[in-house]
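Asker: Sharing a model that was predicted from the sequence below.
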Amino acid sequence: MTRVDALRMIKRRAKDAEISDRITCHTFRATGITAYLENGGTLEHAQAIAAHESARTTKLYDRTSDTITLDEIERIAI
């Protein structure tokens, strides 16, 4: 199976599940790294799991900072 075959399979199954067809193999990579970090994993171990040479690359997949907390919303003052 080639990576193109894998991507086609992912997109076909996403369509069947009626979720965004913008899903890619990297979507799973980002989800896995983010879930690992949210559950107490370290960036260094995530880097090793992802086989990245640089922690900077691993950080690109980290979506933990995408969550906005109520504390951040309350910073808005009118």
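Answerer: Nice, I can see it. Residues are numbered from 1 along each chain as shown.
Asker: any idea where the helices of this protein begin and end?
Answerer: 3-16, 25-38, 43-50, 55-60, 70-73 (DSSP state H).
Asker: Dump the ones you listed to CSV, plus mean pLDDT and mean neighbour count.
Answerer: Backbone N, C-alpha and C define where each C-beta goes, glycine included. CSV is the format used below for the helices of the chain (pLDDT from 0 to 100; neighbours: other C-beta atoms under 10 Å):
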stretch, mean pLDDT, mean neighbour count
helix 3-16, 91, 12
helix 25-38, 89, 15
helix 43-50, 95, 14
helix 55-60, 92, 14
helix 70-73, 68, 8
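Asker: buried ones in stretch 58-68?
Answerer: Buried residues in stretch 58-68, counted by 16 or more other C-beta atoms under 10 Å: 58, 61-62.
Asker: so which of those comes closest to residue 22?
Answerer: residue 61 (16.1 Å; C-beta to C-beta).
Asker: Make sure that closest one is actually in contact with residue 50.
Answerer: Yes - if you go by C-beta atoms under 8 Å, residue 61 and residue 50 touch, sitting 7.1 Å apart.
Asker: For the residue nearest the centre of the chain, which non-adjacent residue is closest in space?
Answerer: Central residue of the chain (C-alpha atoms, centre = their mean): residue 30, 1.8 Å from the mean position. Closest residue to residue 30 apart from its sequence neighbours, by C-beta to C-beta, 6 or more residues apart in numbering: residue 61 at 4.4 Å.
Asker: And residue 33, by the same measure?
Answerer: residue 61 is the one closest to residue 33 (C-beta to C-beta, 6+ apart), at 4.3 Å.
Asker: ok, the one you found - contacts?
Answerer: Neighbouring residues of residue 61 by C-beta atoms under 8 Å, 6 or more residues apart in numbering: 26, 29-30, 33-34, 50.
Asker: rerun at 10 Å
Answerer: Residues in contact with residue 61, defined by C-beta atoms under 10 Å, 6 or more residues apart in numbering, are 26-27, 29-34, 37, 46-47, 50, 52.
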